[in-house]
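Undergrad: Just the structure for this:
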Amino acid sequence: MPEMPEVETVRRGLIPHLIGRRISFVDLRRPDLRFPFPDDFEEGLMDSTVETIGRRSKYLLFRLDNQMTWLSHLGMTGVWTINADGEGKHDHVHIEFDDGQLTATYTDHRRFGFMDLFATDIENHHKLLADLGPEPLSDFFTPEALKKGLHNRRSPIKTALLDQRIISGLGNIYVSEILHRSGISPLRSAADVAGKSTRINSKIELMFEQTNEVIAEAIDAGGSTISDFRGVSGKEDLGYFPHQFTVFNRESESCNREGCNGTVRRIVQSGRSTFYCPKCQR
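TA: I've put the predicted structure just below:
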């Protein structure tokens, strides 16, 4: 599934093509994706102009000049492509801009993605966005916010970091990397990592720093290119962060932390694979 850095890469790829362009034609090839398209979806997009393209967690937010926000979630295999022919079997949404001078096609062969359209002034209260926690690299994500989110939570730290109410945008791949770089075992409870004191401890400080660092590196690399992720060019030309993986998908390989001769282990937590080094992650 595309994680937040991949979605940010898509957002940045769409901006130079779509900002300031007027939607002149909308073709929905089916009534639904993961969920049905909202009523009057096509009418709500028609003749509107894309003013900004934002992102919250893994949601793309196309803000239109008719005071509506068009939300797009890529699911597991969703792809936006600029100027494709739009005739593929899994091309489910085809949009033309400026009377056909530009096109954007949404392709999703597993159809786990979805879209919505709602008034921009209720964006912060939308059911999918209202409860999201602070996002890495934002002013709202601080060591204090991280400690508060983990305080008194008895679930494993790995599970807690995947809770979008605590930190939004983190996915399975990057949490494994963050915990390894921070030297924290995924088996420790979130409460134990946060500590009982009201002071910010060294583990929280380090995990905060590594969260921002891992996400920044992944965005710079264009994501992870796990499975079917593509950039807006339609080519599999993005995603070099796997070359920087320290533990993810490295089961039975030697830990590459300096001075550690441990072996990377894979376990399953809440139905998701966790990769970690039991020697240097405590």
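
Undergrad: pretty sure Asp27 belongs to a helix, no?
TA: No: under DSSP: H, G, I helix; E, B strand; the rest coil, Asp27 falls outside any helix and is assigned strand.

Undergrad: Which residue is the nearest non-sequential neighbour of it?
TA: Among residues not flanking Asp27 along the chain, His94 sits closest, at 4.4 Å (CB to CB, 6 or more residues apart in numbering). The way it works is simple: take the backbone N, C-alpha and C, and place the C-beta from them, glycine included.

Undergrad: need the contact list for that neighbour.
TA: Applying CB atoms under 8 Å, 6 or more residues apart in numbering to His94 gives the contacts 26-27, 29, 86, 103-106.

Undergrad: what about it, which SS state?
TA: Strictly by three-state DSSP, His94 counts as strand.

Undergrad: Could you chop the protein up by domain?
TA: 4-125, 143-276 (automatic domain parsing).

Undergrad: Give me the distance from the longest one to the chain's centre.
TA: Between the centre of domain 143-276 and the centre of its chain there are 13 Å (CA atoms, centre = their mean, to the nearest Å).

Undergrad: contacts for the longest helix belonging to the chain?
TA: When the chain is parsed with DSSP state H, its longest helix is helix 202-221. The contact list for helix 202-221 (CB under 8 Å, 6+ apart) reads 3-5, 8-9, 136-137, 141-143, 146-147, 150, 167, 169-170, 174, 177-179, 181-184, 193-195, 224, 239-241, 243-244.

Undergrad: Keep only those of those residues that are in helices.
TA: Filtering the contacts of helix 202-221 for helices - DSSP H - leaves 4-5, 8-9, 143, 146-147, 150, 174, 177-179, 181-182, 193-194.

Undergrad: Check the residues you listed and tell me the two furthest apart.
TA: Across the ones in helices among the contacts of helix 202-221, no pair lies farther apart than Thr9 and Ala194, at 31.5 Å, counting by CB to CB.

Undergrad: about what we covered before: would you list the buried entries among the ones in helices among the contacts of helix 202-221?
TA: For the ones in helices among the contacts of helix 202-221, a burial check counting by 16 or more other CB atoms under 10 Å picks out 4-5, 8-9, 146-147, 150, 174, 177-179, 181-182, 193-194.

Undergrad: need the contact list for Asn201.
TA: By CB under 8 Å, 6+ apart, the residues touching Asn201 are 194-195.

Undergrad: For it, report the pLDDT, please.
TA: With respect to pLDDT, Asn201 has a value of 96.

Undergrad: now Asp99: how far from Thr49?
TA: Separation of Asp99 from Thr49 (CB to CB, to the nearest Å): 13 Å.

Undergrad: now swap in Val214 and tell me
TA: Between Val214 and Thr49 the computed distance is 36 Å (CB to CB).
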